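Undergrad: only the shape, not the letters, is given here:
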């Protein structure tokens, strides 16, 4: 993800950038814990007649970007992903569906097409994250591990005036990709 984000931001990644974020054990631990939590939540959603699982998976899809890119904790990554995707469910659903069909087409070409479709899908996801994170208030938590609510650390509510709360408010549900 780090390299994909660097590329969509016009930066030139190096080999060392592949492992840069994983040197910090807190980021790796948060990533693993959030992945397990999101997986569990999505499975429970799928057990509840599939539709809730799809909805939750779409809304939480940016948790890993937030952990890697912004260094937020487990709970903050889920909250921020929900905030970023607010009001854009159907557009995001169509995006995920298009990516799935694109990768299926790559798999049908004896799997060799996946050598193209997976990197393109990753870059599309990175670009989409970058577009949506600019529309939502996203900042790193002051976390000292996977649980950001340790005793002695003030919990800050980041929903104060002056912040853009949801992409839907600014973009009216169109992912914020229109000319001003």
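TA: Sure, I can see it. Just so we're clear, the structure is a prediction, and the values are computed from it rather than from any experiment.
Undergrad: give me the pLDDT for the most centrally placed residue in the chain.
TA: Nearest to the geometric centre of the chain sits residue 62, at 1.1 Å (Cα atoms, centre = their mean). Looking at residue 62, its pLDDT is 93.
Undergrad: give the buried residues for the helix or strand in which residue 46 is found.
TA: Here residue 46, judged by DSSP states H and E, is contained in helix 25-47. Across helix 25-47, burial judged by 16 or more other Cβ atoms under 10 Å covers 27, 30, 31, 33, 34, 37, 38, 41, 42, 45. Using the backbone N, CA and C atoms, a C-beta is placed for each residue, glycine as well.
Undergrad: average pLDDT across whichever helix or strand comes after it?
TA: Moving toward the C-terminus from helix 25-47, the next helix or strand (DSSP H and E) is helix 51-59. In this model, helix 51-59 carries a mean pLDDT of 88.
Undergrad: what about the closest residue to residue 62 other than its chain neighbours, how many neighbours?
TA: In this structure, residue 62 finds its nearest non-sequential neighbour in residue 81, 4.2 Å apart by Cβ to Cβ, 6 or more residues apart in numbering. Using other Cβ atoms under 10 Å, residue 81 has 28 neighbouring residues.
Undergrad: tell me who's in contact with residue 44.
TA: Residue 44 sits next to residue 53 when contact means Cβ atoms under 8 Å, 6 or more residues apart in numbering.
Undergrad: residues of the helix or strand encompassing the residue nearest to residue 62 that come out buried?
TA: Following DSSP H and E, one finds residue 81 within helix 74-85. Neighbour-count burial for helix 74-85, counted by 16+ other Cβ under 10 Å, picks out 74, 75, 76, 77, 78, 79, 80, 81, 82, 83, 84, 85.
Undergrad: tell me where the model's unsure across this protein.
TA: Applying pLDDT under 70 to the chain flags residues 1, 21-22, 135-180.
Undergrad: can you give me phi and psi for residue 24?
TA: Here is the backbone geometry of residue 24 (degrees, to the nearest 10): phi -90, psi 110.
Undergrad: how close does it get to residue 90?
TA: 36 Å (Cβ to Cβ, to the nearest Å).
Undergrad: then residue 3?
TA: Computed as Cβ to Cβ, the residue 3 to residue 90 distance reads 30 Å.
Undergrad: likewise residue 37?
TA: Distance of residue 37 to residue 90, given as Cβ to Cβ: 25 Å.
Undergrad: same deal with residue 45?
TA: Counting by Cβ to Cβ, the gap from residue 45 to residue 90 is 17 Å.
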